[in-house]
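Chemist: Pasting a predicted model and its sequence here:
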Amino acid sequence: MKYHQIDRNLFIKNRAKFTAQMKPKSVAIFNSNDIYPISADSTLPFAQHRDIFYLSGVDQEESILLLFPDAPYENQREMLFLKETSEHIAIWEGEKLTKDRAFEVSGIKTVHWLQDFEKVLFEMMTNCDTIYINTNEHYRATVETETREARFVKWWKDKYPAHAVAKSNPILQRIRSVKETEELDLIQTACNITEKGYRRLLSFVKPNVTEYEIEAEFIHEFIRNRSKGFAYTPIIASGNNANVLHYIENNQACKAGDLILLDVAAEYANYSSDMTRMIPVSGKFNERQKAVYNAVLHVKNEATKMLTPGTLWKQYQFEVGKIMTSELLGLGLIDKADVQNENPEWPAYKKYFMHGTSHHMGLDTHDYGILTEPMQANMVFTVEPGIYIPAEGFGIRLEDNVVVQETGEPFNLMRNIPIEADEIETIMNF
């Protein structure tokens, strides 16, 4: 891996938080992701399942984590199962985790080779009543592929039908949403790498540069700073392309006088950052562009102040909507009649700002967290309002990543990434 090794104490703490919420005499099992085929002998790059990484730090395919806190013997309470490495594998695929190295990474002392999994599991099942299975229950999930985890669940239910079943996901949704200090440091590193890519862009962009050239500048800076690359598919949207919320073609030339929406960020050690910035192709905003820009910035700044412990996401979004309504009135995009006659299920402001303002962020860009439960300190959220005006040929979105604090305003992990319109113009014209 490109990233520096993470202190295994993080994963030890994470496992302790999970096992503390397990039922008596229960086992929890977590599988690595598959390596997905493309065609012939081609595959997609491996990306580890975030749950097994969160609990073990193991960033390798064909790995299994088994947790059994009530096991009769101490060496059975945490176990890793890894693909057995060999000199042949080392030559053809590169070094894999040895048992000693797996302990260094995870803090788990009992490490078996994968071929022993079924035999060891049988012994564990004779001593437990319940098994925790790890299904994907994220509110944005739309999974059509049968994952390694899903195949395991089918096999296990057939093999051990008399055991009770419990779900890992509700526990993980809660404990993963509140970050440890080490996790905040890793997300900060991802944000710092994103900043380097963005600053590189400010001196690179000029009329007729292409969106894909901008994308290339970002990936160059990310990888040279130990990132695997983009935390999500980058959006480099010039002109009217910015009004397509998930525009990813990135194949157009950037025209003089237009704005470019940059929704692009780096990952680091599997942790995400999530940035959106706007820059003027010619190095200067016109009067209308700047007015809309400053309106979005004002909404972002006011929304950020609301991210405090106890806040509920639905009420937060409602309050942000009121601020956005005021800004849209000031810009002449809606009038008082629009507001008076609005549908409460789709307020007038939604014509120009149709998406949510914030989501949890961490190991996943849209990270674990239950939106119907109050916000807590050390949760990380994006703040990303936007105003989209197809009739005027541009849209504006601004986004930072912030950490909820025990008291006061959130801490902005992107505080050093230029966002004021005047500062952007100054840097671009230096």
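Modeler: Yep, it's here. Numbers count the residues shown, from 1 in each chain.
Chemist: correct me, but residue 252 touches residue 240?
Modeler: No - Residue 252 is not in contact with residue 240 according to Cβ atoms under 8 Å; the separation is 9.6 Å. Placement of C-beta: from N, CA and C, glycine included.
Chemist: Specify the helix with the largest residue count in the chain.
Modeler: helix 181-202 (DSSP state H).
Chemist: Can you give the distance from that one to the centre of its chain?
Modeler: Relative to its parent chain, helix 181-202 has a centroid offset of 13 Å by Cα atoms, centre = their mean, to the nearest Å.
Chemist: Start at 28, not 1
Modeler: All right, first residue 28 from here; so that's helix 208-229.
Chemist: and it, average pLDDT?
Modeler: Averaging pLDDT along helix 208-229 yields 98.
Chemist: what's the weakest-modelled helix or strand in this structure?
Modeler: Among the helices and strands of the chain, helix 114-119 carries the lowest confidence by mean pLDDT, DSSP states H and E, at a mean of 76.
Chemist: Tell me which residues are up against it.
Modeler: Counting by Cβ atoms under 8 Å, 6 or more residues apart in numbering, the neighbours of helix 114-119 from elsewhere in the structure are 110, 123.
Chemist: tell me which residues of the longest helix of the chain are tucked away?
Modeler: 209-225, 227-229 (16 or more other Cβ atoms under 10 Å).
Chemist: which strands and helices sit next to it?
Modeler: Under the contact criterion of 3 or more Cβ pairs under 8 Å, 6 or more residues apart in numbering; DSSP states H and E, helix 208-229 touches helix 36-46, helix 238-250, strand 294-295, strand 298-299, strand 303-307, strand 427-430, helix 448-455.
Chemist: again, 6 Å this time
Modeler: Helix 208-229 sits against helix 238-250, strand 294-295, strand 298-299, with contacts defined as 3 or more Cβ pairs under 6 Å, 6 or more residues apart in numbering; DSSP states H and E.
Chemist: Let me see the backbone angles for residue 56.
Modeler: Dihedral pair for residue 56: phi -130, psi 140, per degrees, to the nearest 10.
Chemist: Point out the most buried one among the helices and strands packed on helix 208-229.
Modeler: Among the helices and strands packed on helix 208-229, ranked by average contacts under mean count of other Cβ atoms under 10 Å, first place goes to strand 298-299 (a mean of 28).
Chemist: if we look at it, which residues are touching it?
Modeler: Strand 298-299 is contacted from outside by 213-214, 217, 258, 388, 390, 392, using Cβ atoms under 6 Å, 6 or more residues apart in numbering.
Chemist: quick one: which of those is nearest residue 85?
Modeler: Among the contacts of strand 298-299, residue 390 lies closest to residue 85 (Cβ to Cβ), at 13.6 Å.
Chemist: how about low-confidence regions in the chain?
Modeler: Counting by pLDDT under 70, the chain contains no low-confidence residues.
Chemist: run the last query once more with 90
Modeler: 28, 68, 111-123, 163-172, 457 (pLDDT under 90).
Chemist: Around residue 346, how many other residues sit close by?
Modeler: Using other Cβ atoms under 10 Å, residue 346 has 14 other residues around it.
Chemist: Where do the helices of the stretch 128-277 of the chain begin and end?
Modeler: Using DSSP state H, counting those that start in this stretch, the helices found in the stretch 128-277 of the chain span residues 144-152, 175-186, 196-204, 208-229, 238-250.
Chemist: what's the distance between the residue nearest to residue 204 when sequence neighbours are not counted and residue 424?
Modeler: In space, residue 204 comes closest to residue 396 once its chain neighbours are excluded; the distance is 3.7 Å by Cβ to Cβ, 6 or more residues apart in numbering. Separation of residue 396 from residue 424 (Cβ to Cβ, to the nearest Å): 21 Å.
Chemist: which residues are contacting stretch 335-349?
Modeler: Contacts for stretch 335-349 (Cβ under 6 Å, 6+ apart): 330, 333, 374, 376, 384, 398, 401-404.
Chemist: how about a cut-off of 8 Å?
Modeler: With Cβ under 8 Å, 6+ apart, stretch 335-349 has contacts from 326, 329-330, 333-334, 374, 376-377, 380, 383-385, 398-404, 412, 431-433, 435-437.
Chemist: host element of the one residue sitting closest to the centre of the chain?
Modeler: Closest to where the C-alpha atoms of the chain average out (Cα atoms, centre = their mean) is residue 392, at 1.5 Å. For residue 392, there is no enclosing helix or strand under DSSP states H and E.
Chemist: I'd say it and residue 261 touch.
Modeler: No - Residue 392 is not in contact with residue 261 according to Cβ under 8 Å; the separation is 11.6 Å.
Chemist: list the contacts for residue 60?
Modeler: So residue 60 contacts 73-76, 88, 174-175 (Cβ under 8 Å, 6+ apart).
Chemist: ok, and the most crowded of those residues?
Modeler: residue 76 (22 neighbours).
Chemist: before we move on, the earlier item: just put the helices and strands packed on helix 208-229 in TSV and tack on distance to residue 125.
Modeler: What follows is the helices and strands packed on helix 208-229, written out as TSV (distance: least, Cβ to Cβ, whole Å):
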stretch	distance to residue 125
helix 238-250	27
strand 294-295	25
strand 298-299	25
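Chemist: between these, which one is nearest to residue 441?
Modeler: strand 298-299 (12.6 Å).
Chemist: I'd like to know which of the contacts of stretch 335-349 are buried.
Modeler: Neighbour-count burial within the contacts of stretch 335-349 applies to 326, 329-330, 333-334, 374, 376, 380, 384-385, 398, 402-403, 412, 431, 437; the criterion is 16+ other Cβ under 10 Å.
Chemist: Take these and keep only those in strands.
Modeler: Counting by DSSP state E, none of the members of these fall within strands.
Chemist: what about the nearest residue to residue 110 once chain neighbours are set aside, distance to residue 58?
Modeler: The shortest distance from residue 110 to any non-neighbouring residue, by Cβ to Cβ, 6+ apart, is to residue 89 (4.2 Å). Residue 89 is 9 Å from residue 58, where distance means Cβ to Cβ.
Chemist: my guess is residue 161 meets residue 81, correct?
Modeler: No - using Cβ under 8 Å as the test, residue 161 is too far from residue 81 to be in contact (11.1 Å).
Chemist: Between these two, which contacts overlap?
Modeler: residue 199.
Chemist: For the closest residue to residue 298 other than its chain neighbours, give me its contacts.
Modeler: Nearest non-adjacent residue to residue 298, counting by Cβ to Cβ, 6+ apart: residue 213, 4.3 Å away. Contacts for residue 213 (Cβ under 8 Å, 6+ apart) come out as 33, 295-296, 298.
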